[in-house]
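Q: I'd like to go over a predicted model; first the sequence, then the structure.
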Amino acid sequence: MNYWYRRRHLKYYQTVRRWLEGMGPMESLIDVGGWDTPVVTWGQFMRRIAVDPRAPLEAPGIETVCCRWEEFVGNADVITCLQVIEHIDDVVPFCRKLRESAGTLIVSIPYKWRQGSCASHKHDPVDEAKLNDWLGSDFKEEIIERDPDRMHRLCRRY
């Protein structure tokens with residue numbers, strides 16, 4: 001069973017999909033750290049790039065780049081980065097690069113998860129103030145989703 005199959009029902013994906021599909025035709029989309037999820041296939045984009053150090057989604061029309069975001073060179077009209085930031089050690093330059101590389105940036109983070117609830121999370125609990133420190137407070141839209149797993153995820157569109 002793959003990552004996407006286990007998570008496909010989560011509400012934050014519905015929020016992100018609605019945002020992407022509501023943007024209309026655009027030139028480019030980069031999905032950072034999406035692994036095998038279909039996020040990079042959502043919306044109307046001429047060019048779609050999946051960037052992940054693991055084997056990213058391979059599908060027709062998707063450029064796959066197997067590297068860390070910090071090593072990637074490029075920018076896009078829209079960048080998505082869902083449930084990734086909390087895993088990054090040096091989060092400030094990672095987030096700065098996201099902001100500088102995107103016309104529109106869409107992120108999601110585990111919202112106020114208890115420290116230690118996920119062994120690979122470096123920064124729990126993450127709340128609005130911490131996300132503001134990393135990405136700024138000039139977002140256009142913010143939604144906090146409570147998923148069936150009873151965990152909350154904060155989605156922001158910059």
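A: The structure has been received and is ready for your questions.

Q: For the rest of this, base every contact and every neighbour count on C-alpha atoms.
A: Fine.

Q: where in the protein is pLDDT low?
A: Applying pLDDT under 70 to the chain flags residues 1.

Q: which residues in it form strands?
A: Secondary structure of the chain (DSSP state E): strands at 26-32, 45-51, 62-65, 76-82, 102-110, 141-146, 152-157.

Q: can I get the ones you listed in a markdown table with distance to residue 16 and mean neighbour count?
A: Output for the strands of the chain, formatted as a markdown table (distance: least, CA to CA, whole Å; neighbours: other CA atoms under 10 Å):
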| stretch | distance to residue 16 | mean neighbour count |
| --- | --- | --- |
| strand 26-32 | 12 | 22 |
| strand 45-51 | 15 | 21 |
| strand 62-65 | 18 | 18 |
| strand 76-82 | 9 | 22 |
| strand 102-110 | 7 | 22 |
| strand 141-146 | 10 | 16 |
| strand 152-157 | 8 | 21 |
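
Q: for those, which one sits closest to residue 119?
A: With CA to CA as the measure, strand 102-110 is the member of the strands of the chain nearest residue 119 (13.0 Å).

Q: How far away from the center of its chain is that closest one?
A: 5 Å (CA atoms, centre = their mean, to the nearest Å).

Q: which residues touch the residue nearest the centre of the chain?
A: Closest residue to the average C-alpha location of the chain: residue 81 at 1.7 Å, with CA atoms, centre = their mean. Going by CA atoms under 8 Å, 6 or more residues apart in numbering, residue 81 touches 31, 32, 33, 34, 105, 106, 107, 108.

Q: Closest one to residue 41 out of those, please.
A: Nearest to residue 41 among the contacts of residue 81, with distances taken as CA to CA, is residue 31, at 9.3 Å.

Q: dump the residue contacts of the closest one.
A: So, once contact is read as CA under 8 Å, 6+ apart, residue 31 ends up touching 39, 40, 48, 49, 50, 51, 79, 80, 81.

Q: Kindly report the same for residue 122.
A: Residues near residue 122 by CA under 8 Å, 6+ apart: 86, 87, 88, 89.

Q: Could you give me the PyMOL syntax to select whichever of those residues are buried?
A: The PyMOL command for the buried members of the contacts of residue 122 (criterion: 16 or more other CA atoms under 10 Å) is given here:
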select buried, resi 86+87
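
Q: Tell me the one of the contacts of residue 122 nearest residue 134?
A: Of all these, residue 134 sits closest to residue 86, with 10.8 Å by CA to CA.
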